[in-house]
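Participant: With the input below, show me the fold.
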Amino acid sequence: MSVRAPLEVLSKLKELGVEVSVKLKDGTEYRGVVEEIDVAMNLILGKAVQVSEDGNPLVNYGRIFIRGSNIVYIAVQGSKLLV
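Facilitator: Reported below is the predicted structural model:
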């Protein structure tokens with residue numbers, strides 16, 4: 001298994017159109033597809049949906065900007081892991 005830089009992995013996610021879950025410092029969680037990413041890990045999430053703690057959709061935003069400094073983690077949805 002090789003070690004990859006976070007931006008490299010996020011760029012690959014963008015290319016593949018894989019759905020991700022993004023958790024913010026305030027506890028808010030969004031699901032969507034990475035459309036853009038920069039070196040500060042700011043991202044634009046497409047098909048963005050805010051989800052509750054139990055995973056149910058709350059609000060459908062469509063497209064949102066998330067500042068990298070507010071992100072706690074980004075998790076890949078589904079069972080396929082990037083290699």
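Participant: in the protein, which spans are strands?
Facilitator: Ranges of strands in the chain, per DSSP state E, are 19-24, 29-37, 43-51, 57-66, 71-76.
Participant: For E8, which of the ones you listed is the nearest?
Facilitator: Across the strands of the chain, E8 has its closest neighbour in strand 29-37 (10.3 Å, C-beta to C-beta). The way it works is simple: take the backbone N, C-alpha and C, and place the C-beta from them, glycine included.
Participant: Go ahead and confirm P57 touches V51.
Facilitator: Yes - P57 sits in contact with V51 when judged by C-beta atoms under 8 Å, with a separation of 5.7 Å.
Participant: For L10, which of the strands of the chain is the nearest?
Facilitator: Closest approach to L10 among the strands of the chain (C-beta to C-beta): strand 29-37, 4.7 Å.
Participant: what helices or strands is that closest one leaning on?
Facilitator: With contacts defined as 3 or more C-beta pairs under 8 Å, 6 or more residues apart in numbering; DSSP states H and E, the packing partners of strand 29-37 are helix 6-16, strand 19-24, strand 43-51, strand 57-66.
Participant: of those, which approaches V76 most closely?
Facilitator: strand 19-24 (5.9 Å).
Participant: what does that closest one rub up against?
Facilitator: Contact with strand 19-24 is made by 13, 29-34, 43, 45, 47, 51, 66, 70-78, as judged by C-beta atoms under 8 Å, 6 or more residues apart in numbering.
Participant: still on that earlier bit, mind checking the strands of the chain for the one nearest to V9?
Facilitator: In terms of C-beta to C-beta, the element of the strands of the chain nearest to V9 is strand 71-76, at 8.7 Å.
Participant: How confident was the prediction at A5?
Facilitator: In this prediction, A5 carries a pLDDT score of 84.
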